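K.L.:
missing the sequence, but the structure's below:
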């Protein structure tokens, strides 16, 4: 089985949650900080990116995972849900059972087809956030505003 790789600094007062995870498996790798190139490599080789943040300003990790072709499990309660659209498994970040079930869904040996579908949907979703598309939308918006003025 693959290890659970936890990237990023551990949150303040997260000891209880980390102990629960450690009871479930001894195959955990903690990485405090990784260079962007290593982060991309990790995302490309992962079964999924799990990003069930309670609050996120934009959801850039979800978008980066989509660009790498990684399936995503993310929170249904923040900007990550908007970024993800229908391309990710959305979970209630307060519901440990939903997060566990999403882990199991994508970790199952028979999940290959689902992960491929999610990868394709994620790549298409990421295209909607390309710099060219955003620039074109802004240009259109400004043109509309200038016409109305």
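P.N.:
Looks like it came in fine. All values reported here derive from a predicted model rather than from experimental measurement. Numbering: from 1, shown residues only.
K.L.:
give the contact list for the most centrally placed residue in the chain.
P.N.:
With distances taken as C-alpha atoms, centre = their mean, the residue of the chain nearest its centroid is residue 62 (3.4 Å). Neighbour list for residue 62: 49, 51, 72, 74, 80, 83, 84, 88 [criterion: C-beta atoms under 8 Å, 6 or more residues apart in numbering]. Placement of C-beta: from N, CA and C, glycine included.
K.L.:
can you list contacts of the lengthiest helix in the chain?
P.N.:
Longest among the helix segments of the chain by residue count, using DSSP state H, is helix 131-148. Residues external to helix 131-148 that are found in contact with it (C-beta under 8 Å, 6+ apart): residue 127.
K.L.:
Next: stretch 111-123.
P.N.:
Counting by C-beta under 8 Å, 6+ apart, the neighbours of stretch 111-123 from elsewhere in the structure are 47-48, 65-67, 69-72, 86-89, 105-106.
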